[in-house]
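Q: need a structure here:
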Amino acid sequence: MHSRNDLNCRRGYETWLLAEAKRRNPAIKTWGLSWGVPGWVGNGSGYFSMDNIHYQTQWVRCVQEVTGINLDYIGIWNERPYGPMWYTIELRQALDAAGFPETKIVLPDGRIGQDLIDTLNPDSAAYNATFSHAVYALGEHGCGSIIGSTSAFPAQKFFCAESEVSNGWAAAQSWGGTPGRNFISVNQTSTTAWSLIWSVPPVIGRYQNRGAMMANEPWSGHYVVDGTIWMYAHWTQFAELGWTMLGVPSNGSGTAGNAQWVTMVAPNRSDYSVVLDFLHAPSQHLEITFAHLPVMPLAVWQTNETNQFELTATLTPTENGTVFLTAQEGSIYTITTLRSPRKGNYTGVPPSTPCPRNYADNFDNYTTNDTLARFFADQGGSFAVIQQTDGAEAGASSGGGVLAQMAPIKAGPNAWINDPDPVTLIGDATWDDITVAVAARLDAAPTTQPGIGDSTPTPLTMKPCTQTASQRWSLDTPYPQYIENAGAQQCLNQVGCGKDSPLIVYACLPGLSAGCSDNSSNLRWRRVGPQLVLNVTGQCAAATPSGVLTQDCSTPPTPAQTWTYNASSGHLVNDGLCLSAPVPTVYVELCGAVSEFNAFGGYQATNGVCLRVTNLDEWQLREGQTVLRNGTTPKPVGSDWHSLRLNLRGKTVVATVDGSIVAGSGQPIAVNGTDGSVTLGSGWHPAFFDNFSVAPLD
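A: Numbers count the residues shown, from 1 in each chain. Below you'll find the predicted structure:
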């Protein structure tokens, strides 16, 4: 939802993927979890609000109406605090009232501590019956290392809600026994792998190859089926939902050295399977007796580095249910009564190819309005192809579709991390010696609402006091000891730790900061008399000639450390001047040579060559965060269409705006490199793009 009146569950790929998964396996469990929600949810009050409960409930209903699927589980907030108990209780009540009592709440989708376990345990003094009724299961990320005792509370359901995987045999070997380890060590009866299929552009930094299958070439259709898929199959094909995992006390599951086993039985004990993990254990001759289970022939499925998910033997038990097996080092086995498992076949996988360097899209040939653009991958904001009557200037089409940036404001305190400015990416790191062009325009009446502007941290300054939002600060908002700026919709922070650190604004996230090792503290400030003190270091904010910095606190405070706060205006005043956040910029941008993109740091591409045009009739050519050239646009920006072009060859660039070379006319501008993907971007405001093209330079 881009706004309160913009409910559309057909947007994006999620409901399509959900429906396709359910069509293939009607018994599959479905799960929804927010990594963040739009900035308008809660009106800046923070993530935990009745507004967000309404948003979550609307989404569950929308999914049901579009797909016919009632979600089985819903989480609270991915790897962030699960919030006050009232929020979970109210969410449970809202789901029930909306007709979704079967949609169960799982939390915290992070680390599980003893304090949380105690609130659900009737034998604990911290037990909260209403909260316990609202929570169906505890879901851990990382898995197998719950901070607390699960054995003392066997009635509670514990899930591994995210277990990271990768590809390659070493990764498959590492993951194969994970569901068993999770069950044996901390009683987790469900393990969710992240992710099944990895379809992330290769230039996205930090996380790569995090899938059991790889499918990150949409232009070629190439995909890779890896050994980890068959590790999944050793568990998922040999038990149904509702089967029981036999516990360690019964010897149905357990460990011996580096070997482990887990037994799963059908409700009526008519069928059973044992997953036997020798992936890191030496070979051994085994005698296995299935006591109190039916005696019948048992199929043996095996996976190792060279042979994956093969039916290797059928064992005939003795009268007392004993079978004999030689388990080989580096293998995982499933011994089962079932005859339904099979190894799927796949043929005709398209070959891997580089992304074509000759591609164009005028966004006119889309049958669905408000849909994703082919081959583009959003990394910030929200881009969609919409139908709109275009002007003919700057090479824009005279009608049809445009690619529009739709998110009006930053997520602010509702974000998972500090969001980069809106940006969408296309291509791969092999693109070199190319010319890339796009027609772009700003909204006809660019707004100045909170949330517009760059995400790159810019130091705060002292300016004459006005009534602008960039000088309006709110104490203890959206959380205690936070100080939020209305113009940036971000909170007071500092770069790094220690003294002489510049003050900035940063996303108002609980438990996150820009640079300190203690990530929970850089956002927390408290007033001591006239001073502002950063509690992690005990240092004071100071308005110095060198900028607004942290200093060792003086007693009494120096003039630079002496602040007054005007509650009616929101001004933080020092020596007659007001603390000011950066003035937002309204802009559109075309970048090339993006070979690495930091999707987690709240910045744009970590490298790349970018051409930006702003509503102030300015253009700027930048490499990374370094401005190479800047000047005045050939004609006023306004709300007209403007053509942007970058010619990237070798280690040089030529930039063109509206047909005029603005940088590199006599001599191309030297840069560090020109290989890489392309991005389109803007500030947090409506922006439009048309007639995108990339082609090899002659």
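
Q: what sits against the spatially most central residue of the chain?
A: Residue closest to the average C-alpha location in the chain (C-alpha atoms, centre = their mean): Trp35, at 6.0 Å. Residues in contact with Trp35 (C-beta atoms under 8 Å, 6 or more residues apart in numbering) are Trp77, Asn78, Trp416. Any C-beta I mention is one placed from the backbone N, CA and C, and that applies to glycine too.

Q: show me where pLDDT drops low in the stretch 1-150 of the chain?
A: Applying pLDDT under 70 to the stretch 1-150 of the chain flags residues 147-150.

Q: the helices in it, which residues?
A: Ranges of helices within the stretch 1-150 of the chain are 14-24, 50-67, 85-97, 114-120, 129-134, based on DSSP state H, counting those that start in this stretch.

Q: and the spatially closest residue to Arg374 that is not a sequence neighbour, what are its bridge partners?
A: Closest residue in space to Arg374, ignoring its immediate chain neighbours: Asp361 at 6.5 Å, by C-beta to C-beta, 6 or more residues apart in numbering. Assessed by DSSP bridges, Asp361 has beta-bridge partners Phe692.

Q: give the contact list for Gln58.
A: Met1, Leu7.

Q: what about it, distance to Tyr73?
A: As for Gln58, its distance to Tyr73 is 17 Å (criterion: C-beta to C-beta, to the nearest Å).

Q: sorry, back to before: does the residue nearest to Arg374 touch Asp690 like I think?
A: No - the criterion here is C-beta atoms under 8 Å, and Asp361 misses it with Asp690 at 9.1 Å.

Q: and the two? Which one has more around it.
A: Shown here are Asp361 and Asp690; by other C-beta atoms under 10 Å, Asp690 has more neighbours (26 against 22).

Q: now do the helix or strand containing the more buried one, average pLDDT.
A: Element membership for Asp690, per DSSP states H and E: strand 687-696. In this model, strand 687-696 has an average pLDDT of 96.

Q: likewise for stretch 361-377?
A: Computed over stretch 361-377, the average pLDDT equals 92.

Q: go on, stretch 559-573?
A: Averaging pLDDT along stretch 559-573 gives 94.

Q: and stretch 267-277, by the same measure?
A: Taken as a whole, stretch 267-277 carries a mean pLDDT of 96.

Q: which residues does stretch 265-277 contact?
A: For stretch 265-277, contacts defined as C-beta under 8 Å, 6+ apart pick out 176-177, 179-180, 234-235, 238-240, 242-244, 246, 252, 259-264, 286, 288, 290, 292-294, 325, 327, 332-338.

Q: just the ones of those residues in strands?
A: 244, 259-264, 286, 288, 325, 327, 332-336 (DSSP state E).

Q: distance of the closest residue to Asn365 other than its chain neighbours from Thr371?
A: Distances taken as C-beta to C-beta, 6+ apart place Gly401 nearest to Asn365, at 7.8 Å, with adjacent residues excluded. From Gly401 over to Thr371 the distance is 9 Å, taken as C-beta to C-beta.

Q: shared neighbours, these two?
A: Counting by C-beta under 8 Å, 6+ apart, the contacts common to Gly401 and Thr371 are Val385.
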